[in-house]
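>>> show me the folded form of this:
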Amino acid sequence: MSIIPQNAQKVEVEGATVDFYKWQDGDTTYYAFDTSRCGPPEPMVNAMAGLKLVNSPNVKLIMINHKMPMGLLNKIEENYTIEKEELPDGNVKLVFGYKPGSSEKADLSDSHCHG
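Presented below is the predicted three-dimensional model:
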């Protein structure tokens, strides 16, 4: 994944089925994972595991996926800020951020895709 800087460290994330990486940029901590080669339900499972790490305004989660994960977005879009970017290779990059008063209310226990 080219979005991961050289100084990133691989970290264990409970419930994840792909590798997660962590690095610091200024005051912001980034976590990132790539599910672009995974089929359902892995993108949802890993996103839900990763979103548990987004517990303050200084923490961001980056997801690389083969398409826009609409089931995930429909489930959590009110609870997190979400920046979306289409990448040159056809994949999508999503950056999830903390929304005070809303992120705490997200139900991250249901990692099933419902469309």
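>>> what does stretch 94-112 contact?
15, 41, 44-45, 47-52, 54-57, 59-63, 65, 69, 75-76, 78-85 (Cβ atoms under 8 Å, 6 or more residues apart in numbering). C-beta coordinates here come from the backbone N, C-alpha and C atoms, glycine included.
>>> go on, stretch 31-46?
1, 3-4, 8, 11, 13, 15-22, 47, 50, 53-54, 59-66, 69, 71-72, 91, 111-113.
>>> buried ones from these, can you make that a PyMOL selection?
In PyMOL syntax, the buried subset of the contacts of stretch 31-46 is picked out as below (16 or more other Cβ atoms under 10 Å):
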select buried, resi 4+8+13+16+18+20+21+22+47+50+53+54+59+60+61+62+63+64+65+66+69+71+72+91+111+113
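>>> helices - which of the contacts of stretch 31-46 land there?
Those of these mapping onto helices are A47, G50, G71, L72, per DSSP state H.
>>> so who does the first one touch?
Yep, that's A47 we're talking about. By Cβ under 8 Å, 6+ apart, the contact list for A47 reads T35, L61, M63, P69, L72, I76, F96, S111.
>>> any idea how far it is from P69?
7 Å (Cβ to Cβ, to the nearest Å).
>>> and E12, by the same measure?
23 Å.
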